[in-house]
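[1] have a look at this fold, sequence not included:
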């Protein structure tokens, strides 16, 4: 089941807080309109983690291209994504555009799932700190990856991915005082995920540059 946790009351609260504290952010949220955060309806945690790993430190366009290559090659050879991420396919993974370290990380991820060191069932009901700890124990996964899982797989509403480059860039545009940026984000708890989504959307559409 897909569970929506976005509603008009959340949007109104973001508008109310930003209008008082951050006028530029208020105008951004107003222009963006209400955003919806949904829990992922699929339970293929491996595939989500693999795609998240692929996108680390890359532009969305580059990450999408590499992931598309992986999907095409795995499908052509009759593999599920998890089955494809094994040692014998390391050269094929590299040819899809993955770096050597990311190739190793995908193979390590495959082993972690095979050994049941991590699974959807093990982490689906954990709180943020527990879930993050489980993800970051995987080789090649850090805070950013754990935050992406929390937001886009489990739809947790109060996540602020402070290591996200684009998000930090957006905050610097909206708040001229870089030092206070992270502190002032706390005003928006328990809906900091929505704040992040508004900034990402503003950067994607270019609206944030016209505030």
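    Received the coordinates, thanks. None of these values were measured; they are calculated from a predicted model.
[2] name the helix or strand for the residue nearest the centre of the chain, please.
    For the chain, residue 148 is the residue whose C-alpha lies nearest the centre (CA atoms, centre = their mean; 2.4 Å). Per DSSP states H and E, residue 148 falls inside helix 143-148.
[3] just checking, what packs against that helix?
    Helix 143-148 sits against helix 45-55, helix 128-136, with contacts defined as 3 or more CB pairs under 8 Å, 6 or more residues apart in numbering; DSSP states H and E. Every C-beta, even on glycine, is put in place using the N, C-alpha and C of the backbone.
[4] what does that helix contact?
    Helix 143-148 is contacted by residues 49, 52-53, 55-56, 131-132, 135-136, 159, 161-164 when judged by CB atoms under 8 Å, 6 or more residues apart in numbering.
[5] let me see the mean pLDDT of it.
    Averaging pLDDT along helix 143-148 gives 96.
[6] buried ones in that helix?
    By neighbour count on 16 or more other CB atoms under 10 Å, the buried set for helix 143-148 is 144-148.
[7] closest one to residue 32 among the helices and strands packed on helix 143-148?
    Closest approach to residue 32 among the helices and strands packed on helix 143-148 (CB to CB): helix 45-55, 22.4 Å.
[8] circling back to that earlier point, how far away is the residue nearest to the centre of the chain from residue 136?
    12 Å (CB to CB, to the nearest Å).
[9] which neighbours do the two have in common?
    By CB under 8 Å, 6+ apart, no residue touches both residue 148 and residue 136.
[10] longest helix of this protein?
    Longest helix in the chain by number of residues, with DSSP state H as the criterion: helix 60-76.
[11] burial count for residue 155?
    Counted with other CB atoms under 10 Å, the neighbours of residue 155 add up to 19.
[12] pLDDT wise, what is residue 48 at?
    96.
[13] next one: residue 181
    For residue 181, pLDDT reads 59.
[14] repeat for residue 186
    Reading off the model, residue 186 has pLDDT 88.
[15] and it, how far is that from residue 168?
    16 Å.
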